[in-house]
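Trainee: Just the structure for this:
(chains A and B)
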Amino acid sequence: MQERAEFLQEIAIDLLDKVFQDDTIILRLPRIHLVAKGYFILNACYKNWRIEEGHYTQDPKIAAIQCMSIATFEPFRPVNPTDAKTVAEAKSNEIYSLACEIYSLACAAAILEIQIDGNVKHDFYLRLLDVLSSCRSETLEPYLVDVGLQINRPLKGYVGDVHANDKFGLDSLITIFELFCHHFKY
Amino acid sequence: MPILDDLELPIKKTKIDGPAVRSLAARKEDNNGEPATVETFRASYANVKDKVMAGLKTIASRRF
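Mentor: Alright, predicted model coming up:
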């Protein structure tokens, strides 16, 4: 988990260096560890729900679960949250989710490259960012509450069922990412 | 023929239950494959990082 958190941190810092360059976005670095822990909890819950014993989580599912964890812990925020003037300020965590998909979906880069170089589909990306904005995991709520109260419990204690309200979001994201993989594999 | 001429008002969501509904809700998916490792992720990321960051910058810098 530590290794994953370090990798997620690298991606976040790359974003600050290469995408969020005008100091309008703040990275709350310790929250990256919460994202990694949230992924661990939600993945274990997802396995209880939909994965056969002994099977591994596939790439589109990894991407979807990662997005839900990022949306829940929001490691980024704009400096001025009530006056967002750019897509970056309005959707920093969603853009971080897109960047993180790269590592779990080998196709994500190909999609971005194709669409941007072809000068098309801004609407597609903005719509995708809107979808990501609507995701937040209620399964992770007990862990989120304990973090807020600074209660430390073993993560396994939070592993149970996927909350009913998360199932539509997870299924939707997994479907989108599976389509990515099928259509844009490079 | 199972055709109704009646609108069956009021119109409301039909709640369906039964073994098919319960089995579908409890179904497992075929997830068999290789385990994902951070090493693999890191290699995939390094391979495409620059292009993707450039693409994300185009999206992110749009101003309103």
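
Trainee: ok, now how distant is A:A36 from B:M53?
Mentor: 21 Å (Cβ to Cβ, to the nearest Å). In short, each C-beta sits where N, CA and C put it, glycine included.

Trainee: For the lowest-mean-pLDDT helix or strand in chain B, name the packing helices and strands.
Mentor: Across the helices and strands of chain B, mean pLDDT, DSSP states H and E gives its lowest value to helix B:38-60, namely a mean of 82. When contacts are defined as 3 or more Cβ pairs under 8 Å, 6 or more residues apart in numbering or on different chains; DSSP states H and E, helix B:38-60 sits against helix A:2-18, helix A:87-90, helix A:92-104, helix A:108-117, helix A:122-133.

Trainee: hmm, 7 Å instead?
Mentor: If you count contacts as 3 or more Cβ pairs under 7 Å, 6 or more residues apart in numbering or on different chains; DSSP states H and E, helix B:38-60 packs onto helix A:2-18, helix A:87-90, helix A:92-104, helix A:108-117.

Trainee: Just want the angle from the helix or strand containing A:F177 to helix A:122-133.
Mentor: Assigned by DSSP states H and E, A:F177 belongs to helix A:164-184. If you take axes from the mean of the first three to the mean of the last three Cα atoms, to 10 degrees, helix A:164-184 sits at 150 degrees to helix A:122-133.

Trainee: in helix A:164-184, what's buried?
Mentor: For helix A:164-184, the neighbour count (16 or more other Cβ atoms under 10 Å in any protein chain shown) marks A:166-167, A:169-170, A:173-174, A:176-178, A:180-181, A:184 as buried.

Trainee: which one of the residues you listed is nearest A:E6?
Mentor: A:F177 (23.5 Å; Cβ to Cβ).

Trainee: which non-adjacent residue is nearest the closest one?
Mentor: Spatial nearest neighbour of A:F177, excluding adjacent residues (Cβ to Cβ, 6 or more residues apart in numbering or on different chains): A:P60 at 3.6 Å.

Trainee: and that neighbour, what does it touch?
Mentor: A:P60 makes contacts with A:105, A:174, A:177-178, A:181, as judged by Cβ atoms under 7 Å, 6 or more residues apart in numbering or on different chains.

Trainee: name the element it belongs to?
Mentor: helix A:59-73.

Trainee: Quick one: mean pLDDT for that helix?
Mentor: The average pLDDT within helix A:59-73 is 92.

Trainee: Contacts only, for the most centrally placed residue in chain B.
Mentor: Nearest to the mean C-alpha position of chain B, by Cα atoms, centre = their mean, lies B:E29 at 13.2 Å. Counting by Cβ under 7 Å, 6+ apart, B:E29 makes contact with A:50-51.

Trainee: partner residues bridging A:I51?
Mentor: B:E29 (DSSP bridges).

Trainee: pretty sure it contacts B:N31?
Mentor: Yes: using Cβ atoms under 7 Å, A:I51 is in contact with B:N31, at 4.8 Å.

Trainee: more neighbours, those two?
Mentor: A count of neighbours by other Cβ atoms under 10 Å in any protein chain shown puts A:I51 above the other of A:I51 and B:N31, at 20 against 16.

Trainee: residue contacts, the more buried one?
Mentor: A:57, B:28-29, B:31.

Trainee: for these, which one is nearest B:T58?
Mentor: A:T57 (30.9 Å).

Trainee: Distance check, the closest one against A:G38.
Mentor: A:T57 is 14 Å from A:G38, by Cβ to Cβ.

Trainee: Please apply the same query to B:P35.
Mentor: 20 Å.

Trainee: cool, and A:S137?
Mentor: Taking Cβ to Cβ, one finds A:S137 at 7 Å from A:G38.
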